[in-house]
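Asks: fold the following, please.
(chains A and B)
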There are 2 protein chains.
Amino acid sequence: MEEILPAFDSAFSIDCLIFGFDAGELKILLIERNEEPFKDWLALPGYFVKQDESLDDAADRILYELTGLRDLPMKQFHTFGEVNRHPQGRVVTVGYYALIRINGQKELRPISPYARKAIWRSVNDLPKLAFDHSEIFSKGFRIIRKRLNYQPISFDLLPEKFTLTQLQGLYEAILNKKLDKRNFRKKMLSYGFLKELVEKQKGVSYRAAKLYKFDRRKYAKIFQSEMTA
Amino acid sequence: MEEILPAFDSAFSIDCLIFGFDAGELKILLIERNEEPFKDWLALPGYFVKQDESLDDAADRILYELTGLRDLPMKQFHTFGEVNRHPQGRVVTVGYYALIRINGQKELRPISPYARKAIWRSVNDLPKLAFDHSEIFSKGFRIIRKRLNYQPISFDLLPEKFTLTQLQGLYEAILNKKLDKRNFRKKMLSYGFLKELVEKQKGVSYRAAKLYKFDRRKYAKIFQSEMTA
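Replies: A predicted model of the protein is given here:
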């Protein structure tokens, strides 16, 4: 083993898994590819990292160029490095994810000609994606579901003020199963990190539901002290 | 943006963060480098990924070649891709970690001449490491600490049968603080995933303590049902 950089056709890329929640449905952000290979296929927004940019910078740039969205709080979830995952050479791709509110996001508009358009698709209605992106999606979705049990990530998908029905709908969409209303509410309220607001739901024809806010400080306190008390 | 693989001096590497627990101390596995750059420095066991091997395979091979340990249950924790992290070119490195019992591990013996030796060092007594390995260690240690709050990873560091004092010692070593004995025991036992054994501690001059086993099935059940009840 010599301390020499191996010279082989290799590259790093980034693929982004952007989840959004809209009208009771969990959605994922995709692009329609305008270039070979996999021309006309749907794919996760992803591209090569440049020689002179860090992975985090590349993730921000690539998502912006392909979808028009920028400055999302993206985080790594896994790096994919199977030997033959890319038809043109050895490409190791770093998966980044974010969870965002679809409402309030500006219009999707790719800057790069490499993406014909960017669209939201329900996670329950996905075709086979380009490259190994279907596997990247599955792996990422599994990781997100797990984190849902111990991190407040789900709150990033909701409006700042939300009803317990909305919160339950989000959990049901992510876990893909019906939850018992009474148990769910009891459990959620027992944690103490939901803050009930005086303000109630507006513009509904039925009895207005209570609105809640997520208390990040309380949440952090509860979960920090879990083991260290 | 063209769909052509950028040709630049780049490589992927793996760096391994192997934690062990021994006599109340949390330790990390290091190698003494026998090659430039950073000759004679201590470093995490790490090297380049070959053109024709997956990241997971590379992690196993590299750890084995540099330390003699093989078939550890390693998992990715983060990928590091700052532009200037390696003095010889652009190298993106994927961090893998494992938690193991030091007792019962076979002798450390590097196969590759690139490591002069492999050693365990207390996490509280680390010099500045080669490359950005001090940062990789810090980031990894932070991630492990966090996971300690919601995953049973700590049990991988203990013998199969252990006392509550040993378990508390492990948590104290990882969190780097003293914990209240009564609270710790109460909390740990309340989870229901510790199985008390009939057998007691042997070969001690003081009153033999109860031995426990970790019940993985119960643990999985408890944490799966957390949100989905």
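Asks: which helices and strands sit right next to whichever strand or helix holds residue A:58?
Replies: Assigned by DSSP states H and E, residue A:58 belongs to helix A:55-67. For helix A:55-67, the packing partners by 3 or more CB pairs under 8 Å, 6 or more residues apart in numbering or on different chains; DSSP states H and E come out as strand A:10-22, strand A:25-33, strand A:46-48, strand A:90-101, strand A:115-122. To be clear about C-beta, it is placed using only N, CA and C from the backbone, and glycine gets the same treatment.
Asks: may I see those arranged in TSV, with distance to chain B as well?
Replies: Converted to TSV, these look like this (distance: least, CB to the nearest CB, whole Å):
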stretch	distance to chain B
strand A:10-22	5
strand A:25-33	9
strand A:46-48	6
strand A:90-101	5
strand A:115-122	9
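Asks: redo those strands as TSV? Include mean pLDDT.
Replies: TSV is the format used below for the helices and strands packed on helix A:55-67 (pLDDT from 0 to 100):
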stretch	mean pLDDT
strand A:10-22	92
strand A:25-33	95
strand A:46-48	94
strand A:90-101	93
strand A:115-122	95
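Asks: so for residue B:63, which of these sits nearest?
Replies: Closest to residue B:63 of those, according to CB to CB: strand A:90-101, at 18.5 Å.
Asks: returning to that earlier point: in TSV: the helices and strands packed on helix A:55-67, plus mean neighbour count.
Replies: TSV is the format used below for the helices and strands packed on helix A:55-67 (neighbours: other CB atoms under 10 Å in any protein chain shown):
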stretch	mean neighbour count
strand A:10-22	23
strand A:25-33	22
strand A:46-48	22
strand A:90-101	23
strand A:115-122	16
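Asks: pLDDT below threshold where in chain A?
Replies: A:1-9, A:104-106, A:149-152, A:222-229 (pLDDT under 70).
Asks: quickly list the domain ranges of it.
Replies: Using automatic domain parsing, the domain parsing of chain A gives A:10-148, A:159-228.
Asks: deepest-packed of those domains, please.
Replies: Neighbour counts (mean count of other CB atoms under 10 Å in any protein chain shown) averaged over each of these peak at domain A:10-148, with a mean of 18.
Asks: what's the end-to-end length of it?
Replies: 35 Å (CA to CA, to the nearest Å).
Asks: after the helix holding residue A:58 comes which helix or strand?
Replies: The helix or strand immediately downstream of helix A:55-67 is strand A:75-80, counting by DSSP H and E.
Asks: the inter-axis angle of that following strand versus strand B:90-101?
Replies: Taking axes from the mean of the first three to the mean of the last three CA atoms, to 10 degrees, one finds strand A:75-80 and strand B:90-101 inclined to each other by 90 degrees.
Asks: one step back: can I get the helices and strands packed on helix A:55-67 in JSON lines including distance to residue A:203?
Replies: Formatted as JSON lines, the helices and strands packed on helix A:55-67 follow (distance: least, CB to CB, whole Å):
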{"stretch": "strand A:10-22", "distance to residue A:203": "17"}
{"stretch": "strand A:25-33", "distance to residue A:203": "21"}
{"stretch": "strand A:46-48", "distance to residue A:203": "39"}
{"stretch": "strand A:90-101", "distance to residue A:203": "18"}
{"stretch": "strand A:115-122", "distance to residue A:203": "24"}
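Asks: closest to residue B:92 out of those?
Replies: Here strand A:10-22 is closest among the helices and strands packed on helix A:55-67 (CB to CB), at 5.2 Å.
Asks: which elements pack onto the closest one?
Replies: strand A:25-33, strand A:46-48, helix A:55-67, strand A:90-101, helix A:133-148, strand B:10-22.
Asks: any chance of JSON lines for those, columns distance to residue B:66?
Replies: Converted to JSON lines, the helices and strands packed on strand A:10-22 look like this (distance: least, CB to CB, whole Å):
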{"stretch": "strand A:25-33", "distance to residue B:66": "40"}
{"stretch": "strand A:46-48", "distance to residue B:66": "30"}
{"stretch": "helix A:55-67", "distance to residue B:66": "25"}
{"stretch": "strand A:90-101", "distance to residue B:66": "21"}
{"stretch": "helix A:133-148", "distance to residue B:66": "28"}
{"stretch": "strand B:10-22", "distance to residue B:66": "8"}
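Asks: list the contacts of the nearest residue to residue A:135 once chain neighbours are set aside.
Replies: Nearest non-adjacent residue to residue A:135, counting by CB to CB, 6 or more residues apart in numbering or on different chains: residue A:80, 7.8 Å away. With contact set as CB atoms under 8 Å, 6 or more residues apart in numbering or on different chains, residue A:80 has these partners: A:15, A:92, A:93, A:94, A:95, A:132, A:135, A:136, A:139, B:55.
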